[in-house]
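**Student:** Structure, please.
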Amino acid sequence: MTRALRRGPLALVGGKEFMPGNEPQDEVLVGAAHSMGKGHPAFIVATAAVRQVPDRAVATARTWFSELGLAVEELPVRTRGSAMSEEVASAAAQGSFFYLCGGDPGLVVRTLIDTPVWRAIVTAWRGGAALGGSSAGAMALGTWTLIRTRMPGDARREPRAALDLIPRIAVLPHHATFGWRWAPSATAALQQDAAVLVGIDERTALVRHTGLWRVLGRGSVTVIGPSGQERRFAAGARVSGVPAPRR
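**Tutor:** Numbering: from 1, shown residues only. Presented below is the predicted three-dimensional model:
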């Protein structure tokens, strides 16, 4: 049966996921998963953490979401081959909840872009499933993800094509701690593209729900428009200047 087109909530999290302080946004995602009813699994997507400790990321997510009343399992997309798998895509198509954890901001895109699994995730979200991404996972959902130019600690970032679920944006996660340092190089690189930079603090989310963007969590969201104008939105505020997701 084809799902009705009633897009679920979409959360861009600034990092430090699966920790206290994330309850406001995660409860929105969990609520949407429950509203799908029984028989729809909830998935953690650990693609970004493959070069780190993906098993630990999955275990931490399971513990965190179980405390919020949701049992989650891993959607096995640690390689490009698994993302091309029709079997894995079939499982994803039944999902009620998808959470892309943090890690390597380029790896998520290289693994998922133009694959049956990513198409299945987007279709499930358009049918009411919850979709969230933190840090690298959030970065992958814009038109561009930002890749370190050279060595660790270098604040310069180069934009690369991302999954483009939300048009014309590039996400700056961990904004209050260090993500703000990426803004000048990202602005310069994208000045011809009318890009919107979205700075999101840790344990904070920009959430699209019921047709509006709002800030949930502990911190704030900073929107830097194509002209360079910055606007800061505190927790609970409605956010303007960020494009709607693609239909």
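
**Student:** Mind jotting down where the helices sit in this protein?
**Tutor:** Assigned by DSSP state H, the chain shows helices spanning 23-35, 54-67, 80-83, 86-93, 105-112, 116-126, 136-139, 183-189.

**Student:** Now the first one: buried residues?
**Tutor:** Buried residues in helix 23-35, counted by 16 or more other Cβ atoms under 10 Å: 23-26, 28-34. All C-beta atoms are positioned from the backbone trio N, CA, C, and that covers glycine.

**Student:** same thing with the last one?
**Tutor:** Of the residues in helix 183-189, those with enough neighbours to count as buried (16+ other Cβ under 10 Å) are 183, 185-186, 189.

**Student:** Give me the nearest residue to the most centrally placed residue in the chain, chain neighbours excluded.
**Tutor:** Centroid-nearest residue in the chain, with Cα atoms, centre = their mean: Gly133, separated by 2.2 Å. Leaving out its chain neighbours, the residue that sits closest to Gly133 by Cβ to Cβ, 6 or more residues apart in numbering is Leu100, at 3.9 Å.

**Student:** In this structure that neighbour contacts Met139, no?
**Tutor:** No: Leu100 is beyond contact range of Met139, at 9.5 Å (criterion: Cβ atoms under 8 Å).

**Student:** Other residues contacting stretch 172-187?
**Tutor:** Defining contact as Cβ atoms under 8 Å, 6 or more residues apart in numbering, one finds that stretch 172-187 is touched by 13-15, 102, 134-136, 138-139, 146, 149, 155-159, 170, 195, 197-202, 219-222, 224, 228.

**Student:** Many thanks, I have nothing further to ask.
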